[in-house]
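In: Let's see this in three dimensions:
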Amino acid sequence: MARYLGPKTKIARKFGDPIFGADKAFEKKKYPPGQHGQMKKRRKMSEYGVQLLEKQKAKYTYGLLERQFSNTFKKAVRQKGITGEILLQLLEARLDNTVYRLGIAPTRSAARQIVGHRHITVNGKVTNIPSYSLKPGDIIGVREKSKNLEAIVDSLASRSGAYSWLEWDQEKLAGKFMNYPERDAIPEAIKEQLIVELYSK
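Out: As a prediction, the model looks like this:
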């Protein structure tokens, strides 16, 4: 599946948020990209424009293309509860995102690659589908043959932060997806209601 492989700092500057993680270049240039990014007087964006920008921000943050994102939204609509919150919960329950959250990979794109290269197991079985949707109780582990892989070892060595819906066992190099996270536990600065409004038109 095609992925965005262009300059990430430029995209982060577009949204005014380091959506791909810590970025020194973004810290130096927090204004919009382009020749006149710092000076340009921006016209007031329409309601549709604001909603569309928020959807694009969520897509880039979680690394999804339009069809995948649209399908995830449709899945969220079919479930009971607040659609915007369910959408974020489904995105957080993706295998690639969880591998990133557990610290097995330093970024979501690296997590996608690690999953695709068959280094990750779910409930003891090798799973190479980044979009695999986890359920509460699922165990995400590093494949035995991959436990000494430099990229994984380095990422786990600099692992920081823990999430309330995930449990990590350093000895086994395995994590548990405890439950779908509450909205206030998800750190991403995404205004999910704007996305719901956009798709409701």
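In: nearest spatial neighbour of the residue nearest the centre of the chain, skipping sequence neighbours?
Out: For the chain, residue 62 is the residue whose C-alpha lies nearest the centre (C-alpha atoms, centre = their mean; 3.1 Å). Spatial nearest neighbour of residue 62, chain neighbours left out: residue 91 (4.8 Å); criterion: C-beta to C-beta, 6 or more residues apart in numbering. To be clear about C-beta, it is placed using only N, CA and C from the backbone, and glycine gets the same treatment.
In: what pairs with residue 140 across the strands?
Out: residue 122, residue 175 (DSSP bridges).
In: when you give positions from now on, start the count at 49
Out: Okay, using 49 as the starting number, the last item reads as residue 188.
In: Now do the contacts for it.
Out: When contacts are counted by C-beta atoms under 8 Å, 6 or more residues apart in numbering, residue 188 is found next to 143, 146, 147, 150, 168, 169, 170, 182, 222, 223, 224, 225.
In: residues near the nearest residue in space to the fourth one that is not next to it in sequence, how many?
Out: In space, residue 150 comes closest to residue 223 once its chain neighbours are excluded; the distance is 4.3 Å by C-beta to C-beta, 6+ apart. Number of residues near residue 223 (other C-beta atoms under 10 Å) recorded here: 23.
In: OK, contacts around residue 223?
Out: 146, 150, 152, 187, 188, 189, 214, 215, 216, 217.
In: For residue 221, see how far away the fifth one is.
Out: So that's residue 188. Distance of residue 188 to residue 221, given as C-beta to C-beta, to the nearest Å: 10 Å.
In: Which of the contacts of residue 223 ranks first by neighbour count?
Out: Top of the contacts of residue 223 by neighbour count (other C-beta under 10 Å): residue 152, with 28 neighbours.
In: Three-state assignment for that residue, please.
Out: Here residue 152 takes the coil state, with states given by DSSP: H, G, I helix; E, B strand; the rest coil.
In: can you pull the pLDDT of it?
Out: According to the model's per-residue confidence, residue 152 sits at a pLDDT of 97.
In: cool, residue 111 as well?
Out: For residue 111, the model assigns a pLDDT of 92.
In: just residue 147 next, same as before
Out: Note for residue 147: predicted pLDDT of 98.
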